[in-house]
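what follows is a predicted structure for the sequence shown.
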Amino acid sequence: QGQCSGTVYNDNAELQKLLCLTHEKFHWSNPLHFSTFPGVQKMEAEVVAMTLDMFHGTERCCGTVTSGGTESIMMAMKAYRD
């Protein structure tokens, strides 16, 4: 088998099913409109809280979720700068 970095993260069938179900449930929502999609805001808060817990964040820590790509890179650079 050849090697290719960053194209397939996991080929576990159970995980693929979960990811497909999650995508099917949320892909049409725009998380910028929290008043319309309160579930997305709740999900973001839970992901940030879990991440802060994993990295032993204090009450001074915060976070946000990005959609990937350039936005994520720019937010990471801003977080480092700040």
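Received it, and whenever you're ready, just let me know what you need.

now the helices for the protein?
Chain-ordered helices for the chain, with DSSP state H as the definition, fall at 13-26, 38-54, 69-81.

can you add distance to residue 3, mean neighbour count and mean pLDDT and give those helices back as CSV?
(C-beta placed from N, C-alpha, C; glycine too.) Formatted as CSV, these follow (distance: least, Cβ to Cβ, whole Å; neighbours: other Cβ atoms under 10 Å; pLDDT from 0 to 100):
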stretch, distance to residue 3, mean neighbour count, mean pLDDT
helix 13-26, 21, 10, 90
helix 38-54, 28, 13, 92
helix 69-81, 24, 10, 90
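
out of these, flag the one nearest residue 63.
Taking Cβ to Cβ as the measure, the helices of the chain were each checked against residue 63, and helix 38-54 came out nearest at 3.8 Å.

any idea how far the closest one is from the chain center?
Using Cα atoms, centre = their mean, to the nearest Å, the mean C-alpha position of helix 38-54 is found 9 Å from that of the whole chain.

show residues contacting it.
Identification of contacts with helix 38-54 by Cβ atoms under 8 Å, 6 or more residues apart in numbering yields 26, 29, 31, 34, 57, 61, 62, 63, 64, 65.

which of those residues are buried?
31, 63 (16 or more other Cβ atoms under 10 Å).

go ahead and flag the most central residue of the protein.
The chain has residue 65 as the residue nearest its centroid, 5.2 Å off, counting by Cα atoms, centre = their mean.

need the nearest residue in space to that one, chain neighbours excluded.
Taking Cβ to Cβ, 6 or more residues apart in numbering, and ignoring the residues beside it in sequence, residue 65 has residue 44 as its nearest neighbour in space, at 4.7 Å.

distance of that neighbour from residue 9?
Residue 44 is 21 Å from residue 9, where distance means Cβ to Cβ, to the nearest Å.
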